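Novice: Sequence and computational prediction follow.
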2 protein chains.
Amino acid sequence: MDERDVRLLKAISDLGTGSPEKLHDETGIPVSTIHYRLNNLREAGVIENDLYDFDHEALGLGVTIIVEVHADYEGPYDEFADELLAVEGVTEAYFTMGETDFVVLARLSSSDTVERLISEFEGIEGVERTNSTFTIATLRDESRAPATYDLETLIEELTD
Amino acid sequence: MDERDVRLLKAISDLGTGSPEKLHDETGIPVSTIHYRLNNLREAGVIENDLYDFDHEALGLGVTIIVEVHADYEGPYDEFADELLAVEGVTEAYFTMGETDFVVLARLSSSDTVERLISEFEGIEGVERTNSTFTIATLRDESRAPATYDLETLIEELTD
DNA sequence: AATGAAATAGCCGCGGA
DNA sequence: TCCGCGGCTATTTCATT
């Protein structure tokens, strides 16, 4: 994995497209080279399917950490939340009911970067306390919920 | 959203492709009808981009619940985990360090189905206790981690 | 391994039903 | 709303560097 691969994967993530032509516009890499690189990334298991779902483990961001954030802030919650979202690696964030105020999931490259993450959170104005859970293994990471349902259940639940 | 839309979205999720031809093979729906339907789903905001990322809120699975599972089981953890993964709606599952044993995220259609989910978990042999957190709002749900990093950081972290 | 250019395959939208 | 057909563009292959 070199810089060019990373630029490519970043472009895919940002643009939300796998079109070689659009990726060429963004990165300047020739169309057929993009094709060639993407094939290699597919073989390496970084890209999983036609929809460019990533295997974060193979990509090098296989460390998942779950952080509960307890906060005391002024103003609307989503304004405060922007500060949490600004931290690099934060892939999911939820505003929650109950004891905790926010639950944040982040994808990191190594245990070393975990420290950086926590201290960034702790440094945010209004954050009172954080509680981190390290994950040992990712058992499932499915970005399209329908895959986890039976067709019948899905029809039942989603049709009017 | 009717049954045909749901079949289509399920096929996309299962096959991991957005190719009208492949979706035709799976569903039997004519290629140009698939195209027509997908356009409508795009307009409705259910499909977000070229990569067919879903907006679970618009899809009707906008209720996210986070469940901590404390368990006492025999045998390897991933064998036990299969039981957790069998529950409909479970999109993410992690084996964790520390007090809790597993953290599970699920996408549901309504608060009503939350009860079903919890009782399914509680019914699994070996599950001692569960602790559920309801989410009020999803602030971010990004399935491709590189989108959350600066390009420079990413190059630093991922290149050899 | 990387690229340019040709060939092919699949996508898209029109228009009728 | 659905779907068959045609045009057309993007993808993919291949030969060359």
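Specialist: Alright, I've got the coordinates.

Novice: What residues sit buried inside stretch A:64-77?
Specialist: Along stretch A:64-77, these residues count as buried under the neighbour rule (16 or more other Cβ atoms under 10 Å in any protein chain shown): A:Thr64, A:Ile65, A:Ile66, A:Val67, A:Glu68, A:Val69, A:Ala71, A:Tyr73. (Each C-beta comes from the backbone N, C-alpha and C, glycine too.)

Novice: Same check on stretch A:102-113?
Specialist: Quick answer for stretch A:102-113 (16+ other Cβ under 10 Å): A:Phe102, A:Val103, A:Val104, A:Leu105, A:Ala106, A:Arg107, A:Leu108, A:Ser109, A:Thr113.

Novice: Narrow the residues you listed to those in helices?
Specialist: Using DSSP state H, the members of the buried residues of stretch A:102-113 that fall within helices are A:Thr113.

Novice: Out of the buried residues of stretch A:102-113, the closest to DNA strand C would be?
Specialist: DNA strand C lies nearest to A:Ser109 out of the buried residues of stretch A:102-113, by Cβ to the nearest atom of the strand, at 22.8 Å.

Novice: If I follow the layout properly, that closest one ends up in contact with B:Glu157?
Specialist: Yes: shown here, A:Ser109 and B:Glu157 form a contact pair, counting by Cβ atoms under 8 Å, at 4.4 Å.

Novice: rewinding a little: with pLDDT and distance to B:Pro20 added, can I get the buried residues of stretch A:102-113 in TSV?
Specialist: Listed next are the buried residues of stretch A:102-113 as TSV, based on pLDDT from 0 to 100; distance: Cβ to Cβ, whole Å:
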residue	pLDDT	distance to B:Pro20
A:Phe102	97	40
A:Val103	98	38
A:Val104	98	37
A:Leu105	98	33
A:Ala106	98	36
A:Arg107	98	32
A:Leu108	98	37
A:Ser109	97	37
A:Thr113	95	41
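
Novice: so what's the most centrally placed residue in chain A scoring on pLDDT?
Specialist: By Cα atoms, centre = their mean, chain A has its centre lying nearest to A:Thr91, at 3.3 Å. Looking at A:Thr91, its pLDDT is 98.

Novice: you'd agree it is in a helix?
Specialist: No: using DSSP: H, G, I helix; E, B strand; the rest coil, the assignment for A:Thr91 is strand, not a helix.

Novice: check contacts around it.
Specialist: A:Leu105, A:Ala106, A:Arg107, B:Arg140, B:Asp141, B:Glu142, B:Ser143, B:Ala145, B:Thr148 (Cβ atoms under 8 Å, 6 or more residues apart in numbering or on different chains).

Novice: Turn those residues into TSV, including distance to A:Glu122.
Specialist: Converted to TSV, the contacts of A:Thr91 look like this (distance: Cβ to Cβ, whole Å):
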residue	distance to A:Glu122
A:Leu105	17
A:Ala106	14
A:Arg107	19
B:Arg140	20
B:Asp141	24
B:Glu142	23
B:Ser143	27
B:Ala145	22
B:Thr148	19
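
Novice: closest to DNA strand D among those?
Specialist: When those are compared against DNA strand D (criterion: Cβ to the nearest atom of the strand), the nearest one is B:Ser143, at 20.0 Å.

Novice: what about the top strand by length along chain A, distance to the chain center?
Specialist: In chain A, with assignment by DSSP state E, the single longest strand is strand A:127-141. For strand A:127-141, the separation from the chain centroid amounts to 13 Å (computed by Cα atoms, centre = their mean, to the nearest Å).
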